[in-house]
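>>> please work out how this folds:
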Amino acid sequence: MARYIGPKSKIARKFGEPIFGADKAFEKRNYPPGQHGNNRRRGKKSEYAIQLLEKQKAKYTYGILERQFRNIFEKASSSKGVTGEVLLQLCESRLDNVVYRLGIAPSRNAARQLVSHRHITVNGKVVNIPSYILQAGDAVGVREKSKSLQAISASLEASSSVYEWITWNNETYEGSFVTFPERAQIPENIKEQLIVELYSK
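Numbers count the residues shown, from 1 in each chain. Here you go, the predicted structure:
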């Protein structure tokens, strides 16, 4: 299962925002990485460089590698609707992302691990594919044997985020992917139009 396992703070500093969540190292040094840090003269970025940076930000944010991201883009471009918005909707409807949004895991990486270790069910059946795309109305829950896991209960207690397009029942440890989110409901700071322009070249 391919995923990025390199230094996260350095990547966050590259984009100038904590894309992997709260990060003390980023807060201390919120300037670009590199030997000269803030003092390095950076010329004006080309249009291609800006578009590429936006695509990389989206990939790192959702934990998707290049080939998979391109496949999602192709699926989005052949769908009805605005390509950039559909691209983000498909990223948001991935099982690992929804597990993270529901608060079952504190990060997308932790959510990916829970899914691949068979702790998560979709419509009552165990699904261990983090990239599994959910459909509107799908029920996402914690497997019966895994409900006692300390990591899951601690994450749910610490979670305070509420999203209009998903619901969660703390009694049954089950939630629902109600519908695909509108662009305004997706909190990620991603300029999806730049990604569309990059792939359209």
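
>>> can you count the residues close to A139?
Neighbour count of A139, defined by other C-beta atoms under 10 Å: 16. Using the backbone N, CA and C atoms, a C-beta is placed for each residue, glycine as well.

>>> then it would be within a helix, right?
No - A139 is assigned strand when assessed by DSSP: H, G, I helix; E, B strand; the rest coil, not a helix.

>>> how close does it get to T172?
The spacing between A139 and T172, counted by C-beta to C-beta, to the nearest Å, is 10 Å.

>>> mind checking the SS state of the nearest residue to I186 once chain neighbours are set aside?
With C-beta to C-beta, 6 or more residues apart in numbering as the criterion, I186 has its nearest non-adjacent residue at 5.4 Å, and that residue is L88. What three-state DSSP gives for L88 is helix.

>>> now do the same contact list for the residue most central in space within the chain.
Centroid check for the chain by C-alpha atoms, centre = their mean gives Y62 as the closest residue, at 2.9 Å. Contact analysis of Y62 by C-beta atoms under 8 Å, 6 or more residues apart in numbering lists 91, 94, 97, 108.

>>> ok, F73 next?
The neighbours of F73, taking C-beta under 8 Å, 6+ apart as the test, are 83, 87, 195, 199.

>>> tell me the mean pLDDT over stretch 83-99?
Taken as a whole, stretch 83-99 has a mean pLDDT of 97.

>>> endpoint to endpoint, that stretch covers what distance?
Its first and final residues considered, stretch 83-99 spans 24 Å by C-alpha to C-alpha, to the nearest Å.

>>> now do stretch 146-165
Counting by C-alpha to C-alpha, you get 25 Å between the two ends of stretch 146-165.

>>> repeat for stretch 126-136
18 Å.

>>> care to break this structure down by domain?
Under the assignment automatic domain parsing, the domains of the chain span 8-34+44-90+189-199, 94-179.

>>> I'd assumed E192 was in contact with the residue nearest to I186.
Yes - the pair L88 and E192 passes the contact test of C-beta atoms under 8 Å, sitting 5.5 Å apart.

>>> the strands in the chain, which residues?
Secondary structure of the chain, counting by DSSP state E: strands at 120-122, 125-126, 138-142, 166-169, 174-177.

>>> are any of the contacts of F73 buried, and if so which?
Buried by 16 or more other C-beta atoms under 10 Å: 83, 87, 195, 199, out of those.

>>> count the residues that sit near the closest residue to the second one other than its chain neighbours.
Leaving out its chain neighbours, the residue that sits closest to L87 by C-beta to C-beta, 6+ apart is A76, at 4.0 Å. Burial measure for A76: 23 neighbouring residues, criterion other C-beta under 10 Å.

>>> ditto for V140
Residues near V140, counting by other C-beta under 10 Å: 25.

>>> thanks a lot, see you next time.
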